[in-house]
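Q: The following block contains a protein sequence and its predicted model.
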Amino acid sequence: MPIYVFSNASHTTGHLFQDYLINHDDVYFTGYDTTHPLQSELKLSIETFENNSSSVFDSCRLQILDDLNNLKNQLT
């Protein structure tokens, strides 16, 4: 199971990615964990049906960025 490590990330980032990933059709399991409450490192695990976790991760990452840009445009 591939693990993606984020520096300077919190539960907000973990939950955001987990929420997008769990709604993806190819994702079997996803979860995240923080290494320690005083450290800002996050580990995100993804298990897919087709073993293409990097493309699923990139797809969700781009969707998050697109949604955030749409929100920004709506607020300005």
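A: The structure has been received and is ready for your questions.

Q: give me the element the residue nearest in space to the middle of the chain is part of.
A: Most central residue of the chain, judged by C-alpha distance to the mean C-alpha position with CA atoms, centre = their mean, is F17 at 2.4 Å. Using DSSP states H and E, F17 falls within helix 11-22.

Q: picking up where we left off before, can you name the residues bridging to the nearest residue to the residue nearest to the centre of the chain once chain neighbours are set aside?
A: Leaving out its chain neighbours, the residue that sits closest to F17 by CB to CB, 6 or more residues apart in numbering is L44, at 5.6 Å. The way it works is simple: take the backbone N, C-alpha and C, and place the C-beta from them, glycine included. Beta-bridge partners recorded for L44 (DSSP bridges): Y4, Y32.

Q: begin at 9 from here
A: Got it, first residue is 9 now, which makes that one L52.

Q: OK, contacts around L52?
A: For L52, the residues meeting the contact criterion (CB atoms under 8 Å, 6 or more residues apart in numbering) are I11, Y12, V13, F14, G22, F25, Q26, T38, G39, Y40.

Q: just checking, the residue nearest to the centre of the chain touches C68?
A: Yes: contact criterion CB atoms under 8 Å: F25 and C68 qualify, at 6.6 Å.

Q: Could you tell me how many residues sit around the closest residue to G22 other than its chain neighbours?
A: With CB to CB, 6+ apart as the measure, Y40 is the residue that lies nearest to G22, at 3.5 Å, once sequence neighbours are left out. Counted with other CB atoms under 10 Å, the neighbours of Y40 add up to 21.

Q: Having no further points to raise, I will conclude here.
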